[in-house]
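1. Coordinates for the following, if possible.
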Amino acid sequence: MANTYTLISSNTLTSSAASVTFSSIPSTYTDLVLRISARTDRGGTSDRLRLTYNSDTSTNYSNMAIIGDGATAIPQYASNAAYMQDFYIDGNSATANTFGSTEIYIPSYLASQNKPVSGFSAMEHNAVTAYLSGVAALWRNTAAITSINITKIGTNFVSGSSFYLYGIKNS
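-> Residues are numbered from 1 along each chain as shown. The predicted structure follows:
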């Protein structure tokens, strides 16, 4: 049972940005939680977040997701990918001033083992098709996670997008 949930760092954008990075993550916690409320300038109502750890863009990531679009459940799978993905957020054509929400849980980020990840995301607009996704991913690397880079398919995150990284200490 977690007994502390501490904000490590936050970033609310005041202008557009191509990516957001949390670096120098301290080694004083057992788990990490990343909370994101974001929108991009990508044409269309949706966009997808992409995550990498420790600047690793080699094919060390696997990703399984179930995505709902309001009518259908869509399974997705990627192995030997250069990033984790399928966390959906709002794109430029979504309802004005709405931001998609994502929460990602990273257990045992310091352990000398492959790093599992679980997360959920939901788009927050009024279009006919809005995505909700549940993701299970794996980083096949035994190094401690010291940085997290967040990008997207579109060009930029827009102003007002916010990113929070929390540390959890287990009792």
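2. for this protein, longest strand please?
-> When the chain is parsed with DSSP state E, its longest strand is strand 2-12.
3. Any stretches of this protein with poor pLDDT?
-> 1-3, 171 (pLDDT under 70).
4. how does it look with 90?
-> 1-5, 43-46, 69-71, 93-95, 124-131, 153-155, 169-171 (pLDDT under 90).
5. Going along the chain, name the helices of it.
-> Counting by DSSP state H, the chain has no helices to list.
6. what about the strands in it?
-> Under DSSP E, the chain gives strands at 2-12, 20-22, 31-38, 46-53, 61-68, 73-81, 84-90, 100-106, 115-122, 132-139, 148-152, 162-170.
7. Just name the most buried of those strands.
-> strand 84-90 (a mean of 27; mean count of other C-beta atoms under 10 Å). C-beta here means a position set from N, CA and C on the backbone, and glycine is covered the same way.
8. got the contact list for that strand?
-> Residues outside strand 84-90 that contact it (C-beta atoms under 8 Å, 6 or more residues apart in numbering) are 36, 38-40, 45-52, 61, 63, 65, 67, 76, 78, 98-102, 104, 117, 119, 121-125, 131-133, 135, 137, 139, 152.
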